[in-house]
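> have a look at this prediction, sequence included:
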Amino acid sequence: MKIICVGRNYVEHIQELGNEKPDSIVFFMKPDTALLKDGEDFYLPDFSQNVAYECELVVKISKVGKTIPVAFAKNYYEQVTLGLDITLRDVQQKAKEKGLPWTLAKAFDYSAPIGNFLPLKSLNKDIQDLNFTLKKNGETVQSANTSLMINKVDEIIAYVSKFITLKTGDYIFTGTPKGVGPMNIGDVFTAYLEGEQVLKVEVK
Ligand code: MG
C-alpha cells in the first residue's frame with residue numbers, strides 16, 4: 001500500500017501559504033508507516049516546532065491501474081473518507097528554501113491519519129460535490145466542498161497513473177482547502193464528511 005498526496009489543489013489554500021499555483025499536478029508520497037487509524041492518538045514529533053494539520057478528501061483505489069484515462073478513472077474507486085496530511089511546516093520551509101525534497105516534512109511515522117471509509121454510493125453525490133469539515137477542539141477550522149479542487153479526482157488518478165501504477169488499497173490524498181494551522185498537545189481533531197464523523201485524532 002502506498003499513499004499519494006496532491007499539493008496545492010485549492011486556490012485559497014495556495015494563497016494562505018503564499019505559494020504559486022502549479023502548472024501541473026504536484027504530488028508526493030508517504031510510506032505505509034505514515035498511516036494512523038481513526039481514534040488512535042498522534043504524538044507530536046520532537047523534530048519540529050510547527051506541526052500542522054491539513055484535512056483532505058481521501059480516495060481508496062479499488063483496482064490496479066496504469067495510464068488510466070480521465071474518462072475511466074471513476075471505475076478505480078468506490079470509497080472515500082477524510083484524512084490529515086500532517087506537515088512539519090518548519091522542516092518543509094527549510095526544504096523549500098533549499099530546493100530539497102519534502103520527505104521528512106511529510107512522510108514521517110503517523111503523518112497520515114485516515115478516517116473510516118464510506119461507500120461513495122451511500123453518499124449519493126458526485127465526488128466533486130462533497131462537503132467536509134475539520135473541527136479542532138469543537139470549533140470549525142476547515143470547511144469546504146470538493147468542487148473547489150483545482151484538479152479533480154479523476155484528473156489526479158489519470159495523471160499519477162501515467163508515472164506510477166496504482167494498486168488496490170492505495171490511498172490518494174487530494175489536497176487541503178484553506179484553514180490549515182498548528183497542532184498542539186491536548187488538541188482533539190474531528191473530521192466530518194457530508195456531516196458524518198469519519199475521523200478523530202487526539203494530539204499527545
Ligand atoms: Mg496536503
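Yep, that arrived. What you see is a predicted model; the values in this text were computed from it and never measured. Residues are numbered from 1 along each chain as shown.
> how far off centre is stretch 77-96?
Distance, stretch centre to chain centre, for stretch 77-96: 6 Å (CA atoms, centre = their mean, to the nearest Å).
> in it, what's buried?
77, 79-89, 91-92, 95 (16 or more other CB atoms under 10 Å). Backbone N, C-alpha and C define where each C-beta goes, glycine included.
> do stretch 51-66 as well
Neighbour-count burial for stretch 51-66, counted by 16+ other CB under 10 Å, picks out Val51, Ala52, Tyr53, Glu54, Cys55, Glu56, Leu57, Val58, Val59, Lys60, Ile61, Gly65.
> cool, and stretch 180-198?
Along stretch 180-198, these residues count as buried under the neighbour rule (16+ other CB under 10 Å): Val180, Met183, Asp187, Phe189, Thr190, Ala191, Tyr192, Leu193, Glu194, Val198.
> residues in contact with the helix or strand Val201 falls within?
Per DSSP states H and E: Val201 is located in strand 196-202. Strand 196-202 has contacts (CB atoms under 8 Å, 6 or more residues apart in numbering) with 36, 38-42, 81-84, 113-118, 186-192.
> narrow these to those in helices?
Per DSSP state H, helices hold no members of these.
> excluding chain neighbours, what is closest to the single nearest residue of the chain relative to the ion?
Closest residue of the chain to the ion, CB to the ion: Asp85 (3.4 Å). What sits nearest to Asp85 in space, not counting adjacent residues and going by CB to CB, 6 or more residues apart in numbering, is Glu54, at 4.2 Å.
> and the gap between the nearest residue to Pro45 once chain neighbours are set aside and Val58?
Take Pro45 and drop its neighbours on the chain: the residue closest to it by CB to CB, 6+ apart is Phe108, 6.0 Å away. Relative to Val58, Phe108 is positioned 18 Å away (CB to CB, to the nearest Å).
> appreciated, that's everything.
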